[in-house]
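Colleague: Please find the sequence and the predicted model below.
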There are 2 protein chains.
Amino acid sequence: MQNLAGWNVAKTLFGTAAAAVLWATLLNGSSMQAQQTGSVNAAELGLMPLPSHFEAGTGSFSLQPGMHVAYAHFHNARLEAGTVRMMTRLQFESGVPLPHIPSQVAGDLSSAAIVLNVAGPGGAVQSIDEDESYSLIVTPKLITLNAPTVVGAFHGMETLLQLVQLKDNAAIIPAVSIEDTPRFRWRGLMIDVSRHFEPVNQIERTLDGMAMVKLNVFHWHLSDDQGFRAESKIYPKLTGVGSNGQFYTQDEMRGVVAYARARGIRVVPEFDIPGHSVSWMVGYPQLGSSKGPFQLPDVAGVHDEAMDPTRESTYVFLNRFVGEMSKIFPDGYFHIGGDEVEGKIWTSNPRIARFMKHKGFETAPQLQTYFSQRVVGIVEKHRKKPIGWDEVLVPGLPKNVMVQSWRGVDSLAAGARQGYTGILSAPYYLDGMKTNETHYLADPIPADTTLTPEQQKLILGGEVCMWAEQLNERTIDSRIWPRTAVMAERFWSPQSDRDVVSMYRRLPKVSIELEQAGLKHITGPAMMRRSISGQVNPTALTALAGVLEPVSFGERSETQHTDGHTPLDRLVDTVVPDPPSRFEIAQDVDAVLNKTSDSTEAEARLTRRFMEWQEIAPMLAAQMQANPRMSDAAIRAQQLGELGSLGLNALSTLNPNNPALHGTALGQARSAAIDDATKPAALVRFTFLDSLRKLVNGGSAAGAAH
Amino acid sequence: MQNLAGWNVAKTLFGTAAAAVLWATLLNGSSMQAQQTGSVNAAELGLMPLPSHFEAGTGSFSLQPGMHVAYAHFHNARLEAGTVRMMTRLQFESGVPLPHIPSQVAGDLSSAAIVLNVAGPGGAVQSIDEDESYSLIVTPKLITLNAPTVVGAFHGMETLLQLVQLKDNAAIIPAVSIEDTPRFRWRGLMIDVSRHFEPVNQIERTLDGMAMVKLNVFHWHLSDDQGFRAESKIYPKLTGVGSNGQFYTQDEMRGVVAYARARGIRVVPEFDIPGHSVSWMVGYPQLGSSKGPFQLPDVAGVHDEAMDPTRESTYVFLNRFVGEMSKIFPDGYFHIGGDEVEGKIWTSNPRIARFMKHKGFETAPQLQTYFSQRVVGIVEKHRKKPIGWDEVLVPGLPKNVMVQSWRGVDSLAAGARQGYTGILSAPYYLDGMKTNETHYLADPIPADTTLTPEQQKLILGGEVCMWAEQLNERTIDSRIWPRTAVMAERFWSPQSDRDVVSMYRRLPKVSIELEQAGLKHITGPAMMRRSISGQVNPTALTALAGVLEPVSFGERSETQHTDGHTPLDRLVDTVVPDPPSRFEIAQDVDAVLNKTSDSTEAEARLTRRFMEWQEIAPMLAAQMQANPRMSDAAIRAQQLGELGSLGLNALSTLNPNNPALHGTALGQARSAAIDDATKPAALVRFTFLDSLRKLVNGGSAAGAAH
């Protein structure tokens, strides 16, 4: 017992602070001496999301072959399985042989390297009230993870895995003391599997990634106009004719729920009604407001059709269906959509118009409120809390409904003022192809909020949304990751963590870790580039793709008129939003212009980039021109060469003695090249134009100063 | 008749030649004019395996949006599903929007772009007698695929997909007339899932790859000492305590069988007995010859333990077990292993020795023959043909047993002379890390065979074998692919196809196609390099890894003492056997030495390589030295720099006026550098040392000539 100082045991675990101190004194050997070693912080260690409290310790724990785990307190099968996964990953990351077979992972407390001190199992069904906190204390002698629940322990394991470092020819974990608890209770990711279906293994690897960045809600958008994806045994035609054969069986859905639970993630199903519901009506036309028959629409977007709110049979159907799904999805919440209902289909139907008149409804939204109230009743009857998109927030909405805001933080706050719980999604739409910075700084409760503290408590968190009109199984990972990690930090970490540079510096490490866990956000685009070019090692195309990103959903939609048949195999599908190049080039340009200590290296890096662009452009453009999958993008290759020339000229003007440019034949640089390059082409845009413009302008200023 | 030269419709499809001609007249428009356009051959079009008969036509078929398929004759759900997969892949490869939803893929014969002319379904259970032939006729107006069976049609579809070209800003298929039938009926791939388990999705993507190169047998090595991977409901402890929790449920195995059948692939299970069977005994110690209790061994290799052939209860157990598995695996064959039995465990056991004496057996092999005869009887009782490894081939072996030879072509021929059917595996062991050339040239029936034609008929084909001691889910694809495509060609294509240069030139295209289908042989190692280096874009490490390959199984085994706990995350796990560099450097060196028309470009490519090696070596070696997962391999980085200097010196000696070397500071080149680099280190070896030595010697000779 005397070996144990420095262990700040979570208060939830032990009755009193004094008891915690006692445990700490007993379990560690030496004080953490945080005050004396303030040099390292959580950001420098590469953690994402950043923990709420962090203290650096002295020295580090060195991973040793065969070291094992011990359960100091509670353990169950879920925790044990998580421990096996942790040890397997720890072995892989460190290269140190560790036990990773269930029967060998855990052993004696006295000889354990990692002590898992978990108080209890947590909720039989994880709720928003689950205590997800943990504390992690690493000393040179021992790693101690304390948590009130298994879910908290999982979060601590992810932090531990992020701390592993390979240096000085050893695998170590720096001494730290972390106490961590999430800022928001609802940290979600929504995936639309209707517009394009995703196989179960894609969902599973997504859940792995979510767990790594401490997200805790998988919102499964299981139906929309373009396809119904959840098997119903009561209404088999929902998928029988409404899914084109692409759907999840009930066993598969149960499997996903179990897979998620094993990782501390809730699964909230969404069945979007009364709009976005044509896929229901293909098999069950009686649900529609029009007469039918109905066909699955290929084209995405808002369709006029909506469920008929006037027929009692609609509610009988929904009651039986919700009852069936409630058994598959144990979560306390159930999403009923409610967005983007076009009222015309109701008001223009004489029978429905009569019903409205009879009920005294003057507008379609009033009829939707009636529908919502009925459906809310059904959902509550099956002991679930309903969730709806902003549109459900109208007078008369039962207070038990949670509002998911795709309209924005003001809409969300308006709900909170009326007493509704809510989560924010508007700034977290991945198909907007915004920068990580934009996503990172958007806050469910901005610092300048006018909500009262009580109202703020109603804002439960946020959800990243991945709509699927323009992606498929091959590209989805590169649209979700690593960006979602940035928003996961927003939802988990203190509001004050807003250092964008730190975020961009930490992201590549997280990206590699996510890839190790099985995600394909790096390998997928690389594969697509080999496929589109026919080359095993398409270096020129990769250089171009690395400084391009997709245009937004809206722009692609208008330009390409994407629908369910559009091949998603063009250059735009091989590039990723906000790739590292934007940040890297911006940093290097700033270093050069501000003459920081790094400016020489920065200048050399920029020179190398610009020269490569000049060099590869002519042949790459010719290859692309001949390739029907890339010919529309050949102009981007041409532009890359021009932009390279412009950059070299700017560097040369800034520093005529630049040794890296010695002997270089600078190309003809047209100052209009940047303007040309901003024009739309091939659904892709350059990531560095603002930085290049800054460099060119800086160059002019410097030139004028001479 | 005059419009149809080149379309030799398979006789099996149509009753008379006249009927075939009629079809041809109706469906095509213009003559293939094969005689006039002999310039293109199947190898130039990148086919692998090469077809048995090929004629080039005139012009090409241009893929058009919305073009559909028609079934001219038979079709069933299996064919339709295969057609949907083909259209989905055709759309992806070509970028042309094509119908790929089941209800939209097929349409009118008169307006179809692709006519599928399939005579019938083939066997309800695919057998070695399945007719796998097809003919494929592409004209500028129409694509016609004829086949007697669905499996034949699948092979034709794969050929069609390999023919797609993107050029002149169009997606086309060159006009061809192909008649194709496999040389061997048994073209297999074995995967050992005992030493390391592979999840179902790995097996599925393997089956996708097999189908692409026309392999037709998946041999599933489901049990070995280190783990029992097939769920038995009768004997649940087989996986309950004999698998460490990693096994396939019966539903999963049925799923794999269905997945394989949907792609024209048979699944042959192997349960290796009486040796290699400790995993059975962990749950059922009564099967063992020793007393037990038994534990799963971590270390691979030959273990002494074997089943007890003397107890009747052993056969009762096996009879029930084989009966159960026979229902899951409908294939006509059943593999019972039989390899590497150490007789000592029997002869040193007094009870077993008494049994042997009683039966008049003087040696352990005689006892094994007794066991084999009993087990063969059991397998035959369940209406399966038994397969065994070479060791079963002893006097008294029933003639119905097929022999799989891991000992070599002579052992195989010996079996054939005795009237046994057999397949060859010895030269196709992937863990030997041999070159593609070696695998490609090894023939189940060499040209100089002394077997009679009747005996040759008993050689059914071959099987590639992937033993799993030194791989896992992350690395297996890079060990199997693209190499297996080379052996698939050996098994399918005419014996006379032995052009190694052509094979190496075609392989990269096939590799990209395999990757498109979901295999991870390129992305996996790239991911591992990011993981091991912690860099998103580890260019220097990738340059080094690209000219390294793993040492053989034996060398790694002796050096690293691999067992089930060995982390497989070292540099050796990030490199692949016989990577493109070997062939590329060899070609370039030959071009330079022979002063071919390509010699200037070859010299420039070699110069660039050697300079890059020089440049990256110092920093890379330092980084590797600090990294516990790579420190043992840092010497390879140092050597790379020295070898680069040596290469540059050699080029400079050969061509003192080499403009690429103008102004280059050549490093100190030690002539012993090549010898040093051949010494074992870090389980990896350089791929180009023979070529470099040739270049250096050529350089010396050239120098002497001056």
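Modeller: Everything's here; your move. Numbering: from 1, shown residues only, chains lettered A, B, ... in the order given.
Colleague: so what's the residue in the stretch 401-550 of chain A positioned nearest to chain B up against?
Modeller: Taking C-beta to the nearest C-beta as the measure, the point where the stretch 401-550 of chain A comes nearest chain B is A:T523, at 3.5 Å. Yep, even glycine has a C-beta here, placed from its N, CA and C like the rest. Taking C-beta atoms under 8 Å, 6 or more residues apart in numbering or on different chains as the contact definition, A:T523 lies against A:E515, B:K520, B:T523, B:A526, B:M527.
Colleague: Same question for A:T484.
Modeller: Under the criterion of C-beta under 8 Å, 6+ apart, the contact partners of A:T484 comprise A:L189, A:G209, A:M210, A:V213, A:L215, A:L430, A:V464.
Colleague: That one in helix, strand or coil?
Modeller: Applying DSSP: H, G, I helix; E, B strand; the rest coil to A:T484 yields a three-state assignment of helix.
Colleague: Report pLDDT for the residue positioned nearest the centre of chain A.
Modeller: With distances taken as C-alpha atoms, centre = their mean, chain A has A:T484 as the residue nearest its mean C-alpha position (2.4 Å). If you check A:T484, the pLDDT there is 98.
Colleague: That one and A:E204: what is the separation?
Modeller: Between A:T484 and A:E204 the computed distance is 16 Å (C-beta to C-beta, to the nearest Å).
Colleague: same check, this time on A:L287
Modeller: Using C-beta to C-beta, one obtains 32 Å as the distance from A:L287 to A:E204.
Colleague: So for those two, which residue has more residues nearby?
Modeller: When neighbours are counted by other C-beta atoms under 10 Å in any protein chain shown, A:L287 and A:E204 differ, and A:L287 comes out ahead with 25 against 17.
Colleague: who touches the more buried one in this structure?
Modeller: With contact set as C-beta under 8 Å, 6+ apart, A:L287 has these partners: A:S277, A:W280, A:M281, A:M307, A:D308, A:T314, A:F317.
Colleague: I'd assumed the last one was in a helix, is it?
Modeller: In other words, A:F317. Yes: under the criterion used here (three-state DSSP), A:F317 sits inside a helix.
Colleague: How about A:P182: what's its closest non-neighbour residue?
Modeller: In space, not counting the residues next to it along the chain, A:P182 is nearest to A:W492; the distance is 4.8 Å by C-beta to C-beta, 6 or more residues apart in numbering or on different chains.
Colleague: Let me know the pLDDT of the one you found.
Modeller: The pLDDT attached to A:W492 in the predicted structure is 98.
Colleague: Check whether it really touches A:G188, as I assumed.
Modeller: No: A:W492 is not in contact with A:G188 according to C-beta atoms under 8 Å; the separation is 12.0 Å.
Colleague: what's around the residue nearest to A:K237 when sequence neighbours are not counted, how many residues?
Modeller: Once its chain neighbours are removed from consideration, A:K237 has its nearest residue in A:G283; the separation is 2.7 Å (C-beta to C-beta, 6+ apart). A:G283: 19 surrounding residues under other C-beta under 10 Å.
Colleague: can you check A:H358 too?
Modeller: As a burial measure, A:H358 scores 9 neighbours (other C-beta under 10 Å).
Colleague: check which helix or strand covers it.
Modeller: In this assignment (DSSP states H and E), A:H358 forms part of helix A:350-359.
Colleague: Return the set of buried residues in that helix.
Modeller: By neighbour count, with 16 or more other C-beta atoms under 10 Å in any protein chain shown as the criterion, the buried positions of helix A:350-359 are A:I352, A:F355, A:M356.
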